[in-house]
Each structure stands twice: as structure tokens, then as C-alpha cells.
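Enquirer: Build me a structure from this.
(one chain, ligands or ions: 1)
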Amino acid sequence: MKILILNGPNLNLLGKRERSIYGSLTFDEFFSSLKKKYADVELYYFQSNIEGEIIDKLHEVGFTFEGIILNAGAYTHTSIAIGDAIKGIETPVIEVHISNVYAREEFRHISYIAPNAKGIIAGFGLNSYELALESFL
Ligand code: DQA
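Expert: Alright, predicted model coming up:
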């Protein structure tokens, strides 16, 4: 089973960025422990700060992978283009957030991903990714 974790803008700064919200683990540290725990799954990881690169990646894997776990960061709340890309592919996408976006500023309550996603997991820290992965298994 091929699953991609796709992270959007500023998520390369995990471990350094607003640690009280996003924690102190880097994504690389978290991803290596996830790979060890789910050794039977073909897990891939891609991060980009560029909207078009996120769309290109969705197109690239969106007809062959079994699942995509997408944290589009702030693009969640702004990107009609990423929403359209999810509509255009066949692979189911789960929207994840580290923080509970619904307990934060109102602009974070809007999602262009959610209407096209299989489901949403938010607010469980980096565990949100693992919960999404479990849902594919
Ligand atoms: C986030 C929430 C977004 O509102 C924010 O812009 C992020 C991270 C999260 O994982 O909690 O960059 O997607």
C-alpha cells in the first residue's frame, strides 16, 4: 500500500516554529518513527512551500497511490486550486492539522480541502497523521 504524506507551507519549520502550538519534534524525526512502526506500508513524504508544487505532487501520485494525507498548512484556508486538484484525482485525501483549527482564529475555520476530502483529522498534534494513516489500513 502506497501512502503519501504531503505537507504544505511552513511545515518544514516543525520543531522550531511556534512550539507551543506545533510541538518540538521535527517532521523528519516523527516520519522516521512512523516508518519504523508501519514498516509494511510504503510511506512517502513530500513538503513544499509552493502551491503549484503541491498541486503537481497531487497529480503525480493521485492515480496510483492508495491514500494521501494532506496538511496544506495555510493553503487549506485559501487555495481553490488545491481543492480542485483533489477533485480531479482518484486517490482519497485525508485533510490533517496538527492544531485544532476550529479552536483558533476564524479564518482557519474555512477549508477548501474539506469538501473534497474523505475526512478531516485535526487537533491531535503529530498524532493526527498517524490517525489518518490508521484510517487507510
Ligand atoms: C495547520 C493549521 C493552519 O491553519 C496553519 O496555517 C498551519 C498548520 C496545522 O497543522 O495545525 O500552517 O495546518
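Enquirer: all contacts plus neighbour counts: C-alpha atoms, from now on.
Expert: OK.
Enquirer: Tally up the residues packed near Ala103, please.
Expert: Look at Ala103: counted by other C-alpha atoms under 10 Å, it has 10 neighbours.
Enquirer: Check the gap between it and the ligand for me.
Expert: Counting by C-alpha to the nearest ligand atom, to the nearest Å, the gap from Ala103 to the ligand is 10 Å.
Enquirer: So the helix or strand of the chain with the lowest mean pLDDT, near the ligand or not?
Expert: Every helix and strand in the chain was compared by mean pLDDT, DSSP states H and E; the lowest is helix 19-22, with a mean of 91. No - remark: helix 19-22 sits outside contact range of the ligand, by C-alpha under 6 Å from any ligand atom, the gap being at least 7.0 Å.
Enquirer: Tabulate the CA atom coordinates of the next helix or strand after that helix in PDB.
Expert: Remark: after helix 19-22, the chain's next helix or strand is helix 27-37, criterion DSSP states H and E. Provided in PDB are the C-alpha atoms of helix 27-37 (Å, rounded to 0.1, in the frame of the first residue of the first chain):
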ATOM      1  CA  PHE A  27       8.800  16.200  11.000                       C
ATOM      2  CA  ASP A  28      11.800  14.100   9.900                       C
ATOM      3  CA  GLU A  29      12.100  12.700  13.500                       C
ATOM      4  CA  PHE A  30       8.400  12.000  13.500                       C
ATOM      5  CA  PHE A  31       8.400  10.500  10.000                       C
ATOM      6  CA  SER A  32      11.300   8.100  10.800                       C
ATOM      7  CA  SER A  33       9.400   6.700  13.800                       C
ATOM      8  CA  LEU A  34       6.200   6.400  11.700                       C
ATOM      9  CA  LYS A  35       8.100   4.500   9.000                       C
ATOM     10  CA  LYS A  36       9.600   2.100  11.600                       C
ATOM     11  CA  LYS A  37       6.200   1.500  13.200                       C
END
